[in-house]
Structure formats: structure tokens, C-alpha cells
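Peer 1: Structure here, sequence nowhere to be found:
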């Protein structure tokens, strides 16, 4: 075993792993460890390399470099069927001519070692079906099931293998919005019961932020940031993460620091958080989080502008406001607020509303509104 092998409480470990197809590097070298019982979400846009990571762990793709360990065992050269992982695909991959019972039991029936007695297979099939609430449907065919029930069959088929880790490749993407929400809850309930390491791929930030113990954000084959959901939201590492996490998404605006270290923006002066000094004339990108801006009274607003658009989103609505000094921002308002396009708007900023990034897009710090500009 390699000297780089992970500790025993890590279920899946990737060390210096990269993937190329010829001269095209689709995943740059990275390290990633998933602890036993941890739910880790790989989040990013299509084509960023999320699914490729799962396929390399499962053995469906070969890593171009680096080491992949499952339960402390180096598996780079182990056949897919002999790796102690189970993969759940977005298209369910069920056999239409088989019953739910036979679909769930299929991995055990096909296993060469160990050979299990029929009574053991039947017992484990029923146990897996119970975990995902499929007991009443064991004798049905996939065509007789809803989309959510079919996804449960695919999950039970993975559970029955009793793997070291589960690999889930956008398993809810074929479901409608309401069913996706229900299935997110169901998946977390199942995870809580079986307590196995799970790597879950999605491009849906709501899934990532509501399900994950940790989120790994990828873009263009590179890990941009990994951490707990609130860490990514409150302290995005760069402008990509800042805009990818949060809805409505953060708006970005160019600005230039003054000689005194303040930052004129939108008719106000921004002050970097304690311990951070802005170099005079430095080019800064100001990130504004819409959910942390609110319509305020006229006494002590942070910004003043004029509404140009209004979007209704249930109990809240968002106003697009053109600030008096140029840039436009989105501002949260009560759904019953009388403000409409053309009205003046006074804006207050909650903690976490404003983030500062350097010229390369790397986060410098948060900022507060020091005072209104002239």
C-alpha cells in the first residue's frame, strides 16, 4: 500500500488524481477525502468533471494519474465489480422485464463471491426495500411505478450490496420540482439510517446546500472551494463560487480603492473588514449579495436608488435598483411592498451583503458601508 494511504476512518480518498483524454486535461490534479458516514456533494456546471470523478472511483474511467483508495485499499487496478462501491445513475438503469424484487436482488444474484443462499438474498432484498419504503411494490414491474419509486428501486439495488460508499450521479434530475424536494428528504433519511459515505453529483445548488455535510465546488476541471454549505455562502473563495452559490446570485461590479483605503461604490463608501488594507488605486470587484440587502427607511440608508424592475418570489420579492452612482443591484422586499418600477428606494445592508475580490477574482474580505458618499 502507498505511503500516501489515508487513515482508516476515511471511506474514499483521492490523492493527486487527474484525468486527461489525449492532450485535453478535463480534471486537474486534486485531493479529496470522504469520511465514513459523510455526505459530500460535488457541485458545478455541466462539463466541469463531477461525473468523471465518480466514474474514476467506480472504475468506469481510468485515472490518468494519482491514487484512489476505498476503505484504505488502493483500487486503481481493481475491476469495477470488485470495488466496494455502489453507483446510482440518473436514468435508473432498471431492467423493465424484471420485478422490483428481482431488480433489487440482481447484484447479489450476479455476484461470483461470495455465493449467497436464496434465503439470504430474499432477506436482504426485503430489508433494502423496507429502507426505501418499497415493500408494497416488490412484485410490480418498473413501468408500473412513478419516477420517484423507480429511483427508490435504483437506490435499494445499491443498498443491497452493502458497499463502503455510495456514488450518486444526479439521481434526481429526471424528477419534477415537487418530487425532487420529497426525494431529497427521503435520501437524507436513508443516509441517516445506513450511515455510509456518499458522493453525490449535482448542478443544483439547492440540493447541495440542503443535503451536504460538505460541498465541493468545481469549474473547468478544477476544485474552486470545498467546505460546509454556510462557509461557501458566507466566505466564497472567488467570484465563481460567489455567483454559483446563492439565489438570486451575487452581482459583481468593478471599483477602485481611494487613497485613504476606502472604496467608493453606489454613492457610498465601503470599508474593508478589520485587518485588511486596500491599496490605493487597486482594482477591486465588489460582490453584492441580494438576499442581504433590504428595503430600509429613509433615516439611515446605506444606498439610495430607483427601482427599475420587480420580481415576485412567494413571500419575498426582489427589486432591481439602479443606484444613484451607476451600478444596479437586486434588493429583497416584502411581497406586499407598494414599491414599483420608477419609485425611489432606500436600501439597508445586512452583515454579509458585500464582499471584495481582487483583480484575479480571489476573495479579499467582507466589507461594510462606512458612510454615505457625497
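Peer 2: Received it, and whenever you're ready, just let me know what you need. Since we're looking at a predicted model, the values are computed, not measured. Numbers count the residues shown, from 1 in each chain.
Peer 1: Next, please give the residue ranges for the strands of the stretch 201-350 of the chain.
Peer 2: Using DSSP state E, counting those that start in this stretch, the strands assigned to the stretch 201-350 of the chain run over residues 214-219, 222-227, 251-256, 263-265, 268-272, 283-288, 293-295, 303-313, 316-323, 328-334, 344-349.
Peer 1: Any buried residues in the helix or strand of the chain with the lowest mean pLDDT, and which?
Peer 2: Taking all helices and strands of the chain together, the one with the lowest average confidence (mean pLDDT, DSSP states H and E) is strand 363-372, at a mean of 86. Judged by neighbour count using 16 or more other C-beta atoms under 10 Å, the buried positions of strand 363-372 are 363-367, 369. From N, CA and C alone the C-beta is placed, and that goes for glycine too.
Peer 1: now the angle from it to strand 344-349?
Peer 2: Taking axes from the mean of the first three to the mean of the last three C-alpha atoms, to 10 degrees, one finds strand 363-372 and strand 344-349 inclined to each other by 130 degrees.
Peer 1: So in that sheet, which strands flank strand 363-372, and in what orientation?
Peer 2: Strand partners for strand 363-372, identified by DSSP bridges, are recorded as strand 268-272 (antiparallel), strand 354-357 (antiparallel).
Peer 1: mean pLDDT for those strands: which is lowest?
Peer 2: Comparing the strands paired with strand 363-372 by mean pLDDT, the weakest confidence falls on strand 268-272, with a mean of 93.
Peer 1: Show me the contact partners of that strand.
Peer 2: With contact meaning C-beta atoms under 8 Å, 6 or more residues apart in numbering, strand 268-272 is reached by 255, 258, 261-264, 278, 286, 302-303, 354, 356, 364-373.
Peer 1: Residue 160 and residue 122 touch, don't they?
Peer 2: No: Residue 160 is beyond contact range of residue 122, at 11.0 Å (criterion: C-beta atoms under 8 Å).
Peer 1: intersection of neighbour lists for those two?
Peer 2: In the contact map built from C-beta under 8 Å, 6+ apart, the residues linked to both residue 160 and residue 122 are residue 105.
Peer 1: Tell me which of those two has more neighbours.
Peer 2: residue 160 (22 against 14; other C-beta atoms under 10 Å).
Peer 1: Can you tell me the closest non-neighbouring residue to that one?
Peer 2: Distance criterion C-beta to C-beta, 6 or more residues apart in numbering; nearest residue to residue 160, sequence neighbours excluded, is residue 128 at 4.3 Å.
Peer 1: what's the spacing between the one you found and residue 93?
Peer 2: According to C-beta to C-beta, to the nearest Å, residue 128 and residue 93 sit 16 Å apart.
Peer 1: Please apply the same query to residue 321.
Peer 2: Taken as C-beta to C-beta, the span from residue 321 to residue 93 is 48 Å.
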